[in-house]
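J.: Next come a sequence and a model predicted from it.
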Amino acid sequence: MTENRPEPGGAPEPSGTPEDALRREVTDLESRSATAARIFDLRRIIGGLFVLYGVIVTITGITDSPAAIAKAEGVNINLWTGLGMLLLGVFFLAWLKLRPTPPPVPREDGDEHERGA
Amino acid sequence: MQTPSYAAAAYQAVELRLPTNWLDYSILAIYFVVVLGIGLAARRSVRTSLDFFLSGRSLPAWITGLAFVSANLAATEILGMAANSAQYGAYTVHWYWIGAIPAMVFLGLVMMPFYYGSKVRSVPEFLLLRFDRAAHLLSSVLFAFAAVLIAGVNLYALAIVVQALLGWPQWVAIVVAGAFVLAYITLGGLSSAIYNEVLQFFVILAALIPITLLGLRKVGGWGGLTDRLTARHGHDFTTAWGGTGIGSANPLGANWLTIVLGLGFVLSFGYWTTNFAEVQRALSARNLSAAQRTPLIAAYPKIFIVFLVMIPGLVAAALVPDIGTSASGLQYNDAIPYLMQELLPNGVLGIAVTGLLAAFMAGMAANVSSFNTVFTNDIWAKYVRPGRADAHYVRFGRLITVIGVAASVGTAFLASSFSNIMSYLQTLFSFFNVPMFAVFIVGMFWKRASARSGFWGLLAGTVTAMVNYFVFYREGIVPIPSDQGANFVSAIAGFVAGAVVMVLVSLFTGPKPAAELQGLVHGTRSPGMSEAPAAGDDAWYRRPALLGWGAIVLAAVCYIPFSF
């Protein structure tokens, strides 16, 4: 605990401050990272789930009994919530349609060899 | 800020069973399927340890921003802040407008260039660069310990709520929720946790908005609500600052000075700027601009979420005047479940139940995903097994996630043997964050702070905050009227002690060489800070300064109607 020259990442670096060593290690990991290239677009999931929920809850609202409406202070809350969720889902799907996922930009070095995978 | 007032044992005496049917359970089941699907689909994006622990530093700002607010919007926060409102009234807004927004803006505008630009992968790793291995190890161990405990408390609170509302036995709820969180984090790592947090954000909005609107309608709108509450509790109950003059009594047990300094400065800055469960979301952003915008984008929903938790709390206080006493049989924490039971028909009820469960799981997942990162990167890879191939650390990260979740389940069962563990834990939580913030603020703004001062400042601050709470407050040596007030005072004491010790230690030890402080201390720069903005990031509405100051002004404006 008396040592104050840390060696981030374990492997001793030949030169430079600990900061340089860490920066090199993270830059190297970034260049091999697969997230940007392979992660799916979350807008599709949010859009899909909210359209599904919206349809289910809207239909529930249309077929709701007077008792259910009376419980919610006379508001057909299922209908309104369902329509709201449907709208949000459509918004995300439309956003995805209008501004599709940009093709992954290769980082400064590396990454190309994975394109065919 | 997470509220300390959420008493976990609240539900045991109360009958709040919700009239759920097959429709509500179908909605819940669909959500669980999607959660697992996200984990499975995110799995193929994990190749390096950076992918697993930090999403390869490649996510867009809107995703990290919503995950940032969502990681804080755990169900303990939702139920606890509604409880706060039912108990203390409109004071709750302080936890949002002064207790969150300034700190979030400070993180984005001032601290993020140092965090993100230095390429550290965790908050403790920043301390390693700025100070030394002692400060690093101490902060890593404290954080890992706190994260498991807090994940366990989320799990336990979930079990109690699910038992009360749905009638599932506690162990079933703990094992089911733990298994789902475990599955999606071990599969997809942080990407999976963050994606699920964003999804949870929208589901919880879909749950809270109908409750708020129907609740307001039931009591005759905002006018009817304030009339009822004023008649029962007096005018101050629906104002933010009424009765907070120094020396005047108010239920919060705090005056404007402790609110501004204790909550608005040290507690809030400690939580938002140094709690890795939050900061990790910003570190996973794809560039410095996106990292800076993460807490700033989060600030806008945060300003308005207060209405969705405060209004249900106030409505419950208006509808059930005896709430919180044995006369009504309802605890303050029951405010939102009570309104769900009273107002929501099947369908929306299923959405609300799903939102609450999702919020519990997200709160737990945020802690588990930050725990596995700190344990792997900062403890295992630095002190136990350094220098292995990267794949080793990905495997270890998955393994430690299993161990972390198992430990959380253990602490959840442990928590169930205490009656008021949540309020204690939230207090402990502030012990860990506030001294860390003192060390950060001194270390970032004073380049003379020596390598050794970090460790001693952290230790002194943590010990002082604990001594203030356990000795001075619990033993009654200094009279403080409430747990909340005591938390504020502990926070101020811990901050001051940490900062003073750092200055003293620095005076007696040599400074760190200037070459090792580049990009870590205010006034220096690192290569990571000067990266050119990506295409489109220079649009005026994406400028961090505009977003940040806009949030501050908006929060200040929101105070106006609550100030008279």
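T.: Nice, I can see it.

J.: And the average pLDDT for stretch B:539-558 is what?
T.: Mean pLDDT, stretch B:539-558: 90.

J.: before we move on, what about stretch B:302-315?
T.: Across stretch B:302-315, the per-residue pLDDT values average to 93.

J.: same deal with stretch B:207-221?
T.: pLDDT averaged over stretch B:207-221 gives 93.

J.: Just the buried positions in it, please.
T.: Buried residues in stretch B:207-221, defined by neighbour count with 16 or more other CB atoms under 10 Å in any protein chain shown: B:207-219. Just so you know, the C-beta spots here come from the backbone N, C-alpha and C atoms, and that holds for glycine as well.

J.: Save these as TSV, and put in secondary structure and distance to residue B:111 too.
T.: Formatted as TSV, those follow (DSSP: H, G, I helix; E, B strand; the rest coil; distance: CB to CB, whole Å):
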residue	secondary structure	distance to residue B:111
B:207	helix	33
B:208	helix	30
B:209	helix	33
B:210	helix	37
B:211	helix	35
B:212	helix	33
B:213	helix	37
B:214	helix	41
B:215	helix	38
B:216	helix	38
B:217	helix	43
B:218	helix	44
B:219	coil	42
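
J.: count of neighbours near residue B:475?
T.: Number of residues near residue B:475 (other CB atoms under 10 Å in any protein chain shown) recorded here: 8.

J.: Spatially nearest residue to residue B:478, not counting backbone neighbours?
T.: Ranked by CB to CB, 6 or more residues apart in numbering or on different chains and with sequence neighbours excluded, the top spatial neighbour of residue B:478 is residue B:472, at 4.5 Å.

J.: contacting residues around residue 85?
T.: The chain I'm using is chain A. Contacts for residue A:85 (CB atoms under 8 Å, 6 or more residues apart in numbering or on different chains) come out as A:50, A:53, A:54, A:57, B:206, B:351.

J.: was after chain B, sorry
T.: Each residue near residue B:85 by CB under 8 Å, 6+ apart is listed here: B:92, B:309, B:310, B:311, B:312, B:313, B:314, B:317, B:335.

J.: Now the residue positioned nearest the centre of chain B. Its backbone dihedrals?
T.: When CA atoms, centre = their mean is applied to chain B, the residue found nearest the centroid is residue B:72 (3.5 Å). Residue B:72 has phi and psi values of phi -90, psi -30 when expressed as degrees, to the nearest 10.

J.: That one against residue B:279, yeah?
T.: No: counting by CB atoms under 8 Å, residue B:72 stays clear of residue B:279, with 11.7 Å between them.

J.: Sticking with residue A:49, tell me its helix or strand.
T.: helix A:42-62 (DSSP states H and E).

J.: Pull out the buried residues from that helix.
T.: Under the neighbour-count criterion of 16+ other CB under 10 Å, helix A:42-62 has A:42-43, A:45-47, A:49-54, A:56-58, A:60-61 buried.

J.: Looking at those, spot the one nearest chain B.
T.: Checking the buried residues of helix A:42-62 against chain B with CB to the nearest CB, the nearest one is residue A:60 at 3.7 Å.
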